[in-house]
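J.: Predicted model and sequence follow; I will ask about them next.
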Amino acid sequence: MSDASASRSEILSAVRNRHVPAAALPDLTGAWITFPDRAAHFAETLRSVGGTCVDVAGIEELRVALQSLEPVAAAKKVYSALPEAAPSTFDMAQVADPHALDDADVAIARGEFAVAENGAVWVTDANLKHRVILFIAQHLVLVVPRNQIVNNMHEAYARLRFDGPGYGLFLSGPSKTADIEQSLVIGAHGPRSLTVYLLDGSA
Amino acid sequence: MPTPHAVRAARFVADSDRAHWHDQALWFVRVKRDRMAQSLPEWEALRETAAGIKAHTLSRLGDFLEQFEERAIALGARVHWARDAAEHNAIVLSILESHDVKKVVKSKSMLTEECHLNPFLERHEIEVVDTDLGERIVQLAGEPPSHIVLPAIHKKKEDVGEIFHRFLKTEAGASDPKYLTEAARQHLREKFLASDAGITGVNFAVAETGGFVVCTNEGNADLGVSLPKLHIACMGIEKLIPRAADLGVFLRLLARSATGQPITTYSSHFHGPAAGGELHIVLVDNGRSKILESEEFRRSLNCIRCGACMNTCPVYRRSGGHSYDATVPGPIGSILGPARDAKKYAGLPHACSLCGSCTDVCPVKIDLHYQLLTWRGEIGRRGLLPWSKTIPMKLLAFVLKRPWLYALAGRIARRVLPLVPRWLLYNRLNDWGRQRELPQIPKHSFREIYERRQRQSQ
Ligand code: SF4
């Protein structure tokens, strides 16, 4: 322990003893990019990174759309955070070990908001018992209120508060890799597809 | 005697088809980066802001480190401090041993690469599996990554096919990237499910919140740390930024600069351990505080490891990452290398044409080619240059200081060079004669022509 605190104080005094000239912390307000039609730009950008964006007018329309979404129709094991739109095939509350989710075919989760400039959706594990479901399921569906789309990442962080323990991520498209000769392959380790529903008249 | 980099580069370019292919593959990434940068009218303002945030952070690094530690502990994480690579490795090992861990999955982290964590853990009988596809390819091949973002960029799909055939039992001769990626997915899924702990790097750590962000495209970091209960995050002390809002600036720059994507697929924000889990954060100096001291090289700590300077560098593209023999290759590696070991990496600042393209693309405005030039002087002053560079340079300096001698040498050269037989010019002793031809030798020098015209016009 004494050795550990020695390292700490040595590193801290080393960085403090260096004469680094003072520099002001930049202000982050700027003429950052905005879009006349945020939803359209989001959809287009998401498409460019391998995802799909679908507009739905309400929960009923979402329910119908999900029924006919191919991965859902073919799925045996589905987790849904929106039981009003699609049922789960199992009770997440009963799953003690996240490893048991390995055979999940589809996960349907809520996204808090979307970002037009990069096609990303902010997702947290606030109501997820096992966050691994977002990464381990073969296909992922996110449902985002259509009126919750910001222009850019500066607006995104203006909304976010990190004042306690928690986990959240910007998720943009399905899992992918280009590590073999720069050829893009969808479905590296995580979901092989991502469908984002922009839900109008949001619930 | 050429520099070690030049010797290895010569081996790389000996296979000229492969060298050309490598060059093109990286240029393709560079072009994608340009398209992204040009699509944002505020690109230059973003770079400016990012550099400003880094400069401010470095000016108060001690305060931010303490603030980060305090907040991270409040969120339930354990924070460790390591002066060097050995201490870092010992800390990671002791955490793993105290949890009786035998199998670890690791997502991409240049820091653990720098500390040679894998061989260290393997010596202690812990299995470490790199889960980034590119990293897994080079790990199976028994090689270090050749690029910080695209670790296996030097491998052709046929090479990957052979490696996978050997280790993952894919079909002999198979080289379809889709098929190979699917095989890796199945293989790594097993590893994810069997691991006792997950190790990740850190892209950005936020002082005011005590959280950190990890960026991947494959989702391997998230998968790796959300199955086991133990997560160890290893970071250099320069990864800090003051505010969560600063992430907006850096996440906008990182993926656009790295691969020409608008953002990485997964940009995950960890604040404290998962419910029921444990989170350890290891803060590592390993020479960074020394770089902080230097007026000239301090800005190299701004680096967010996007790899753009490599993709654009004419030397990197044509010599391959392994020719640098350093954890971080390319322009930024040629600055960080000598800072670590000036003798071993004395040749790297010369692996540069001073074209300045790296400086143009760097998202955090590191003046890379100026720093490379400064290193050249520094290495010369310390007497670390090979004689193949020092002797010609001394000779040149001697001549350039004496205008009469320069004029005379020129006159002689113009007469004599055209008469010299080829074998005398293009031989083993003359590095410059390889792949280069002398230009047509003019009959008269500029000075002679100028003087004649002056005379005529009088
Ligand atoms: S020096 Fe700049 S361009 Fe090179 S990897 Fe670092 S941030 Fe990217």
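T.: Structure's in. What do you need? Numbering: from 1, shown residues only, chains lettered A, B, ... in the order given.

J.: where does residue 57 land on pLDDT?
T.: No chain specified, so I'll use chain A. Note on A:Ala57: pLDDT of 95.

J.: Switch to chain B, please.
T.: So B:Thr57 comes in at 97 (pLDDT).

J.: ok, now B:Ser39?
T.: For B:Ser39, the predicted pLDDT is 93.

J.: The one 5 residues further on now?
T.: With respect to pLDDT, B:Glu44 has a value of 97.

J.: now B:Ile449
T.: 88.

J.: Only alpha carbons, please: show the helix or strand containing it as PDB.
T.: Per DSSP states H and E, B:Ile449 falls inside helix B:446-457. What follows is helix B:446-457, C-alpha atoms only, in PDB (Å, rounded to 0.1, in the frame of the first residue of the first chain):
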ATOM      1  CA  PHE B 446      21.600  29.300 -62.400                       C
ATOM      2  CA  ARG B 447      24.200  31.700 -61.200                       C
ATOM      3  CA  GLU B 448      26.100  31.600 -64.500                       C
ATOM      4  CA  ILE B 449      23.000  32.100 -66.500                       C
ATOM      5  CA  TYR B 450      21.800  35.000 -64.300                       C
ATOM      6  CA  GLU B 451      25.200  36.700 -64.600                       C
ATOM      7  CA  ARG B 452      25.200  36.400 -68.300                       C
ATOM      8  CA  ARG B 453      21.800  37.900 -68.700                       C
ATOM      9  CA  GLN B 454      22.700  40.800 -66.400                       C
ATOM     10  CA  ARG B 455      25.700  41.400 -68.600                       C
ATOM     11  CA  GLN B 456      23.600  41.300 -71.800                       C
ATOM     12  CA  SER B 457      21.000  43.700 -70.500                       C
END
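
J.: What are the contacting residues of that helix?
T.: For helix B:446-457, the external contacting residues (CB atoms under 8 Å, 6 or more residues apart in numbering or on different chains) are B:407, B:444. C-beta: built from backbone N, CA, C; applies to glycine.

J.: how about 10 Å then?
T.: The contact list for helix B:446-457 (CB atoms under 10 Å, 6 or more residues apart in numbering or on different chains) reads B:403, B:406-407, B:410-411, B:414, B:442-445.

J.: Going through the residues you listed, which ones are buried?
T.: Using 16 or more other CB atoms under 10 Å in any protein chain shown as the burial test, the contacts of helix B:446-457 include B:Gly410 as buried.

J.: Which of the contacts of helix B:446-457 fall in helices?
T.: B:403, B:406-407, B:410-411, B:414 (DSSP state H).

J.: okay, now residue 67: neighbour count?
T.: No chain was given, so I picked chain A. 11 (other CB atoms under 10 Å in any protein chain shown).

J.: please go with chain B instead
T.: Neighbourhood size, B:Gln67 [other CB under 10 Å]: 18.

J.: close enough to count as contact, it and B:Val79?
T.: No - here B:Gln67 lies out of contact with B:Val79, judged by CB atoms under 10 Å, at a distance of 11.7 Å.

J.: In PDB, could you pull the C-alpha coordinates for the one helix or strand in chain A whose mean pLDDT sits lowest?
T.: Least confident helix or strand, chain A: helix A:2-17 with a mean of 89, by mean pLDDT, DSSP states H and E. This file holds the C-alpha atoms of helix A:2-17, laid out as PDB (Å, rounded to 0.1, in the frame of the first residue of the first chain):
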ATOM      1  CA  SER A   2       2.800   2.400   0.900                       C
ATOM      2  CA  ASP A   3       4.400   1.600  -2.500                       C
ATOM      3  CA  ALA A   4       1.100   2.400  -4.200                       C
ATOM      4  CA  SER A   5       0.700   5.800  -2.600                       C
ATOM      5  CA  ALA A   6       4.400   6.500  -3.400                       C
ATOM      6  CA  SER A   7       3.700   6.000  -7.100                       C
ATOM      7  CA  ARG A   8       0.700   8.300  -6.800                       C
ATOM      8  CA  SER A   9       2.500  11.100  -5.200                       C
ATOM      9  CA  GLU A  10       5.500  10.700  -7.500                       C
ATOM     10  CA  ILE A  11       3.400  11.000 -10.600                       C
ATOM     11  CA  LEU A  12       1.400  13.900  -9.300                       C
ATOM     12  CA  SER A  13       4.500  15.800  -8.200                       C
ATOM     13  CA  ALA A  14       6.200  15.000 -11.500                       C
ATOM     14  CA  VAL A  15       3.400  16.500 -13.600                       C
ATOM     15  CA  ARG A  16       3.100  19.500 -11.200                       C
ATOM     16  CA  ASN A  17       6.800  20.200 -11.300                       C
END
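
J.: Alpha carbons of stretch B:86-100, in PDB - could you do that?
T.: These are the backbone C-alpha positions of stretch B:86-100, laid out as PDB (Å, rounded to 0.1, in the frame of the first residue of the first chain):
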ATOM      1  CA  ALA B  86       6.500  -2.900 -15.000                       C
ATOM      2  CA  GLU B  87       4.400  -1.400 -12.300                       C
ATOM      3  CA  HIS B  88       1.300  -1.300 -14.600                       C
ATOM      4  CA  ASN B  89       1.700  -5.000 -15.400                       C
ATOM      5  CA  ALA B  90       2.200  -5.900 -11.700                       C
ATOM      6  CA  ILE B  91      -0.900  -4.000 -10.700                       C
ATOM      7  CA  VAL B  92      -3.000  -5.700 -13.400                       C
ATOM      8  CA  LEU B  93      -1.600  -9.100 -12.500                       C
ATOM      9  CA  SER B  94      -2.300  -8.600  -8.800                       C
ATOM     10  CA  ILE B  95      -5.900  -7.600  -9.500                       C
ATOM     11  CA  LEU B  96      -6.400 -10.700 -11.700                       C
ATOM     12  CA  GLU B  97      -4.700 -13.000  -9.200                       C
ATOM     13  CA  SER B  98      -6.800 -11.800  -6.300                       C
ATOM     14  CA  HIS B  99      -9.900 -12.700  -8.400                       C
ATOM     15  CA  ASP B 100      -8.400 -16.000  -9.400                       C
END
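
J.: and that stretch, average pLDDT?
T.: Taken as a whole, stretch B:86-100 has a mean pLDDT of 98.

J.: Run the chain-centre distance for it.
T.: The chain centre lies 27 Å from the centre of stretch B:86-100; the measure is CA atoms, centre = their mean, to the nearest Å.

J.: do that stretch and chain A meet at all?
T.: Yes - judged by CB under 10 Å from any CB of the partner chain, stretch B:86-100 and chain A are in contact via B:87, B:90-91.

J.: does A:Ala31 sit in a helix, a strand or a coil?
T.: Three-state call for A:Ala31 (DSSP: H, G, I helix; E, B strand; the rest coil): coil.

J.: How many residues are close by the nearest residue to it once chain neighbours are set aside?
T.: Excluding the flanking residues, the one nearest A:Ala31 by CB to CB, 6 or more residues apart in numbering or on different chains is B:Glu42, at 6.5 Å. For B:Glu42, the count of nearby residues is 16 (other CB under 10 Å).

J.: for B:Ile95, same thing?
T.: B:Ile95 sits with 19 neighbouring residues when counted by other CB under 10 Å.

J.: show me what contacts residue 15?
T.: Let's take chain A. Here A:Val15 is in contact with B:58, B:60-65, B:237-238, B:285, B:288-289, B:292-293 (CB under 10 Å, 6+ apart).

J.: Chain B, not that one
T.: Shown in contact with B:Asp15 (CB under 10 Å, 6+ apart): B:21-22.
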